[in-house]
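Peer 1: coords please:
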Amino acid sequence: MCFRNLQKETDEAIVLFTNSEARGTIILRIYEDYYYGYEDENEKYYRGYSEIIGEEVEKSFIALFSSVLKLKNILSSFDNFEENKILNKREFQDYTGMYNDLHEKIRHVGNGDRENINDDIVFEMELVKQIEVNIDYILNLLIQLMQKVK
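Peer 2: Next comes the predicted model:
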């Protein structure tokens, strides 16, 4: 039996029978590369799992979804927004749930054991609890008011 490193020959065979960019897709890198991030032979950096999940990403999500809430609030006053929504109701509920979870998590942080990141992020919680005001809503309010007056 002969044990030898066939990495070079394998790479050459892959390049010969596919395109040269396919090597990274066919042969996996080591675990640490995917977990912590790595730089390929062309000096392109790929973020790792540990970099994607973390406080900075949470802060970015909060800022981005706060912007989405503000714009959705403004665009909802236009009739044609209904046909142009990018997020369907389910996706919006999922993102709102993550947003609420992060709000609760950050609200309970800062008892001396972790740095409070609440100083540099702003939650738009009043926009999460937005009430849709349309003709039916106004008519129902008027009916309730008329019943109280009688």
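
Peer 1: what backbone torsions are found at the closest residue to Y38 other than its chain neighbours?
Peer 2: Spatially, and ignoring its direct neighbours in sequence, Y38 is nearest to Y46 (5.7 Å; C-beta to C-beta, 6 or more residues apart in numbering). C-beta here means a position set from N, CA and C on the backbone, and glycine is covered the same way. In terms of degrees, to the nearest 10, the main-chain angles of Y46 are phi -120, psi 120.

Peer 1: wouldn't Y46 be in contact with D40 here?
Peer 2: Yes. Using C-beta atoms under 8 Å, Y46 is in contact with D40, at 6.9 Å.

Peer 1: longest single helix anywhere in this structure?
Peer 2: Across the chain, the longest stretch assigned as helix under DSSP state H is helix 55-75.

Peer 1: next one: that one to chain centre, how far?
Peer 2: Distance of helix 55-75 from its chain centroid, counting by C-alpha atoms, centre = their mean, to the nearest Å, is 9 Å.

Peer 1: CA atoms only for the helix or strand following it - export them in PDB, please.
Peer 2: Sequence-wise, the next helix or strand downstream of helix 55-75 (DSSP states H and E) is helix 89-107. In PDB, the C-alpha atoms belonging to helix 89-107 read as follows (Å, rounded to 0.1, in the frame of the first residue of the first chain):
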ATOM      1  CA  LYS A  89     -47.200  39.000   5.100                       C
ATOM      2  CA  ARG A  90     -45.500  35.800   6.300                       C
ATOM      3  CA  GLU A  91     -42.000  37.200   5.700                       C
ATOM      4  CA  PHE A  92     -42.800  40.500   7.300                       C
ATOM      5  CA  GLN A  93     -44.200  38.600  10.400                       C
ATOM      6  CA  ASP A  94     -41.000  36.500  10.600                       C
ATOM      7  CA  TYR A  95     -38.800  39.600  10.500                       C
ATOM      8  CA  THR A  96     -41.000  41.400  12.900                       C
ATOM      9  CA  GLY A  97     -40.700  38.400  15.300                       C
ATOM     10  CA  MET A  98     -36.900  38.500  15.100                       C
ATOM     11  CA  TYR A  99     -36.900  42.300  15.600                       C
ATOM     12  CA  ASN A 100     -39.100  41.900  18.700                       C
ATOM     13  CA  ASP A 101     -36.900  39.100  20.100                       C
ATOM     14  CA  LEU A 102     -33.800  41.300  19.600                       C
ATOM     15  CA  HIS A 103     -35.600  44.200  21.300                       C
ATOM     16  CA  GLU A 104     -36.300  42.000  24.300                       C
ATOM     17  CA  LYS A 105     -32.800  40.500  24.400                       C
ATOM     18  CA  ILE A 106     -31.200  44.000  24.300                       C
ATOM     19  CA  ARG A 107     -33.600  45.400  26.900                       C
END
